[in-house]
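A.B. asks: everything below, folded, please.
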Amino acid sequence: MSAATAEKRANQTLRKFGIEQLPTPVNEIADHLGLRLQSFALGDEVSGVLVVDGDLGVIGYNSSHPQVRQRFTIAHEIGHFLLHRGDSSLFIDERYFAVFRDKKSSQGVDHREREANSFAAALLMPAALVRAEVEQHDFDFADEDALNDLARKFQVSAQSMAYRLSNLGLFGVGT
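C.D. replies: Numbering: from 1, shown residues only. Now for the predicted structure:
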């Protein structure tokens, strides 16, 4: 599966539940999918876990992480649920979102992690809405405040927004 396919699945999920507002209500999406959310003190290294039981599941996310990181973790685990639940019934996403972290996963070469990250980015920062915001406000991305403002609107980290803008080919627009 490619990043484009993960993006398509995220867009289908948003359409299926009629979600068009910002920020994306990941808790509501999880609920619609039969996924129970639970915050845990998971330590510094673990971002989240997904336990799958048939068509249901539990997403555990790190209560000590900032809200924007929690939202990305939840979206990432929803991605695993929709894209990979046939592969495993347990996903443990350590720092940098690794399933059963090893040298390969820490380098970002685990295809399931890349796909779940692509899904999460598309779910939280739908391409059409990001493009509309960039065009509507004629952002100057050389201005760090503009990037931070955009990230706040989508309730994601500035780093996540920067990656998303780059992946959409939008970085440099308005500069």
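A.B. asks: quick one, domains of this structure?
C.D. replies: Under the assignment automatic domain parsing, the domains of the chain span 3-124, 126-175.
A.B. asks: now Q155: closest residue in space, sequence neighbours ignored.
C.D. replies: Nearest non-adjacent residue to Q155, counting by C-beta to C-beta, 6 or more residues apart in numbering: P23, 3.8 Å away. Heads up, the C-betas are built off the backbone N, CA and C, glycines and all.
A.B. asks: just for the protein, where's the confidence low?
C.D. replies: Applying pLDDT under 70 to the chain flags the ranges 1, 94-109, 141, 172-175.
A.B. asks: and the longest helix for it?
C.D. replies: In the chain, with assignment by DSSP state H, the single longest helix is helix 67-84.
A.B. asks: run the chain-centre distance for it.
C.D. replies: 5 Å (C-alpha atoms, centre = their mean, to the nearest Å).
A.B. asks: tell me which other helices or strands whichever helix or strand comes after it touches.
C.D. replies: Next helix or strand after helix 67-84 toward the C-terminus (DSSP states H and E): strand 90-94. Using 3 or more C-beta pairs under 8 Å, 6 or more residues apart in numbering; DSSP states H and E, the elements in contact with strand 90-94 are strand 46-53, helix 67-84, strand 98-99.
A.B. asks: mind putting these into CSV with mean neighbour count?
C.D. replies: Output for the helices and strands packed on strand 90-94, formatted as CSV (neighbours: other C-beta atoms under 10 Å):
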stretch, mean neighbour count
strand 46-53, 21
helix 67-84, 23
strand 98-99, 21
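A.B. asks: A158: which of the ones you listed is closest?
C.D. replies: The closest of the helices and strands packed on strand 90-94 to A158 is helix 67-84. By C-beta to C-beta, the value is 8.9 Å.
A.B. asks: now the closest one against strand 90-94, angle please.
C.D. replies: 150 degrees (axes from the mean of the first three to the mean of the last three C-alpha atoms, to 10 degrees).
A.B. asks: and helix 67-84 with strand 46-53, angle?
C.D. replies: Going by the same axes, to 10 degrees, helix 67-84 makes 30 degrees with strand 46-53.
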